[in-house]
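>>> following is a predicted model, sequence given first.
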Amino acid sequence: MGRAGSCCPGAERLQLPASLCLLLLGYLTLLAPLGKSQVQIPQCRIQKCTTDFVSLTSHLNPSLDGFDAEFCKALRAYSGCTHRTSKSCRGNLVFHSALLGISDLMSQRNCSKDGPTSSTHPVAPIEPCNYHSRHQHQATLPETGAELPRPNYLFCGLFGDPHLRTFKDQFQTCKVEGAWPLIDNNYLSVQVTNVPVVLGSSATATNKITIIFKPYQECTDQKVYQAVTDDLPAAFVDGTVMGGSSEMRSLLVVEKSPGRHVELHAAYIGVTVVVRQLGHYLTLAVRMPEELAMAFDETQDLQLCMNGCPSSERIDQEGRLQLPMLGLQQQQQQVRPGTATAQRGSTFSLESASSKCREQLEVKDIYFHSCVFDLLTTGDANFTSAAYNALKDVEMLHPKREHWHIFSRSGAQKSSSAAISALLLCLLMAVLF
């Protein structure tokens, strides 16, 4: 048989980052025991080889001098481990994928096959301003006994009219006009300001975001980032783009698309924040370690990301609106000729809004239904991109793939247009009246 190809197809042409191949190899290693057609030979130690390689490279920083040399040492150690277990791994898909991946990575990094190798039990230097380094050191201290689990991460997002996804993966649609705290703990504060979207409606959208990174040891002084509609800066309010020293790079502002997409990376607390402007409004997504997100006292209990919106501010009423369908249809007909619709300026029917949202959102989950709701409420097609990018931020930051999509309780297993119409019209009328 010919060469099966690299672990990352097209890597020879695209020169994909080594980290991507590492993730794919690790993913294959985890999936191997689940394959129905593959028999895992007990003596094959490819999983141990891969785990050691990840351990050897997880603390390396590509932006620092000496990265290539240390990475090549780890690759040679990985290659040596695979050769030592090769006899017991014949026919193992993960093993052969690892061999091809090692070859590709060594070629990309210009690593020689001969040379020094890394120890399989390295003592990684502790980086006090890197959350992952601190956690890894704590997990490997002899006095801790059993190995500690990897840190658990939480995700929170806000977009649209507005739709909130809490740290507990609860999805809510809220009014929350004015300034509201999303996050307020000992390390990070995030506040948003929401304004009415159209006259005569209780729906709002975000036009201002303020993020405060609180001082932490020698890693950073307090840094404040603020974005408002049509002003998405690529720096903190003091004009700097980082906290701490340039060598530590513990807090960074990274402009991905001028005026449209900015990311803030706080390595010292393991936090990533994504801020976007889509149309006239802002969206937000946050990934944060659970242990740090929970570091607050009773005076900081008003946090939308942690506890959701107050019941008085909820529009969706936990996704269930028990209103008679006939009455809703009659109310909708009465509204169309009136002032509210003229103020709203909506050009979308339920069918055209659904069609527009399907252009970018293939799965009819809560993001799709939120998109349709926003188009019916505002008539602004930019809310389609807001829902789409909110889902993309989930895919980038949410730690659990199986939780990416959320389906409404009433329509999770239904695909009929009647069920979708009932959900959307109920939600829309709850906002308008």
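Right, received. Where do you want to start? Numbers count the residues shown, from 1 in each chain.

>>> lowest-confidence helix or strand of this protein?
None of the helices or strands of the chain scores lower by mean pLDDT, DSSP states H and E than helix 325-335, at a mean of 32.

>>> and residue 374, that's in a helix?
Yes - assigned with DSSP: H, G, I helix; E, B strand; the rest coil, residue 374 falls within a helix.

>>> heads up, I number from 54, so please use that
With the count now opening at 54, the last piece we talked about shows up as residue 427.

>>> identify the residue spatially nearest to it, adjacent ones excluded.
Spatial nearest neighbour of residue 427, chain neighbours left out: residue 436 (3.6 Å); criterion: C-beta to C-beta, 6 or more residues apart in numbering. Quick note: C-beta positions are derived from backbone N, CA and C, even for glycine.

>>> neighbours around the one you found, how many?
Residue 436: 30 surrounding residues under other C-beta atoms under 10 Å.

>>> same deal with residue 415?
For residue 415, the neighbour count with other C-beta under 10 Å is 9.

>>> so what's the residue nearest to residue 427 up against?
Residues in contact with residue 436 (C-beta atoms under 8 Å, 6 or more residues apart in numbering) are 213-214, 331-332, 424, 427-428.

>>> Produce a ChimeraX select command limited to the buried residues of those residues.
Buried members of the contacts of residue 436 can be picked out in ChimeraX with the line below, counting by 16 or more other C-beta atoms under 10 Å:
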select :213,214,331,424,427,428
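
>>> redo the contacts of residue 436 as a markdown table? Include distance to residue 205, secondary structure and pLDDT.
Converted to a markdown table, the contacts of residue 436 look like this (distance: C-beta to C-beta, whole Å; DSSP: H, G, I helix; E, B strand; the rest coil; pLDDT from 0 to 100):
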| residue | distance to residue 205 | secondary structure | pLDDT |
| --- | --- | --- | --- |
| 213 | 27 | coil | 94 |
| 214 | 30 | coil | 89 |
| 331 | 30 | strand | 96 |
| 332 | 34 | coil | 94 |
| 424 | 30 | helix | 93 |
| 427 | 31 | helix | 91 |
| 428 | 36 | helix | 91 |
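
>>> as CSV, the contacts of residue 436 with distance to residue 260 would be great.
What follows is those, written out as CSV (distance: C-beta to C-beta, whole Å):
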residue, distance to residue 260
213, 13
214, 13
331, 12
332, 11
424, 20
427, 15
428, 19
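
>>> which one of the contacts of residue 436 is nearest to residue 181?
residue 331 (37.5 Å; C-beta to C-beta).

>>> I'd say the closest one and residue 439 touch.
Yes - using C-beta atoms under 8 Å, residue 331 is in contact with residue 439, at 4.5 Å.

>>> count of residues packed around the closest residue to residue 269 other than its chain neighbours?
Excluding its sequence neighbours, the residue lying closest to residue 269 (C-beta to C-beta, 6+ apart) is residue 321, at 5.6 Å. Residue 321 has 26 neighbours, counted by other C-beta under 10 Å.

>>> would you double-check that residue 321 falls in a helix?
No - going by three-state DSSP, the assignment for residue 321 is coil, not a helix.

>>> phi first, then psi, for it.
The phi/psi pair for residue 321 (degrees, to the nearest 10) reads phi -70, psi -20.

>>> relative to residue 302, how far out is it?
Here residue 321 is placed at a distance of 10 Å from residue 302 (C-beta to C-beta, to the nearest Å).

>>> which parts of the chain are strands?
Using DSSP state E, the strands of the chain run over 206-212, 216-218, 224-226, 231-237, 241-249, 257-266, 276-281, 295-296, 304-310, 314-319, 324-331, 334-342.

>>> tabulate those (a markdown table), appending distance to residue 109.
Shown next, in a markdown table, are the strands of the chain (distance: least, C-beta to C-beta, whole Å):
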| stretch | distance to residue 109 |
| --- | --- |
| strand 206-212 | 23 |
| strand 216-218 | 36 |
| strand 224-226 | 40 |
| strand 231-237 | 34 |
| strand 241-249 | 31 |
| strand 257-266 | 31 |
| strand 276-281 | 33 |
| strand 295-296 | 28 |
| strand 304-310 | 25 |
| strand 314-319 | 23 |
| strand 324-331 | 24 |
| strand 334-342 | 23 |
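
>>> so which of those strands is nearest residue 350?
The closest of these to residue 350 is strand 231-237. By C-beta to C-beta, the value is 10.1 Å.

>>> alpha carbons of that closest one, as PDB, please.
These are the backbone C-alpha positions of strand 231-237, laid out as PDB (Å, rounded to 0.1, in the frame of the first residue of the first chain):
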ATOM      1  CA  GLY A 231     -29.100  50.000  31.000                       C
ATOM      2  CA  ALA A 232     -25.800  48.900  32.700                       C
ATOM      3  CA  TRP A 233     -25.600  45.300  34.000                       C
ATOM      4  CA  PRO A 234     -22.700  43.200  35.400                       C
ATOM      5  CA  LEU A 235     -22.000  40.000  33.500                       C
ATOM      6  CA  ILE A 236     -19.000  38.900  35.600                       C
ATOM      7  CA  ASP A 237     -17.800  40.300  38.900                       C
END
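
>>> so what does that strand touch, helix or strand wise?
strand 206-212, strand 241-249, strand 334-342, helix 357-360 (3 or more C-beta pairs under 8 Å, 6 or more residues apart in numbering; DSSP states H and E).

>>> distance to residue 288 and mean neighbour count added to these, as TSV?
As requested, the helices and strands packed on strand 231-237 are exported to TSV (distance: least, C-beta to C-beta, whole Å; neighbours: other C-beta atoms under 10 Å):
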stretch	distance to residue 288	mean neighbour count
strand 206-212	22	25
strand 241-249	18	20
strand 334-342	17	24
helix 357-360	25	21
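
>>> put together a markdown table for those, with mean pLDDT and distance to residue 181 on each row.
Converted to a markdown table, the helices and strands packed on strand 231-237 look like this (pLDDT from 0 to 100; distance: least, C-beta to C-beta, whole Å):
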| stretch | mean pLDDT | distance to residue 181 |
| --- | --- | --- |
| strand 206-212 | 97 | 21 |
| strand 241-249 | 97 | 18 |
| strand 334-342 | 97 | 16 |
| helix 357-360 | 96 | 27 |
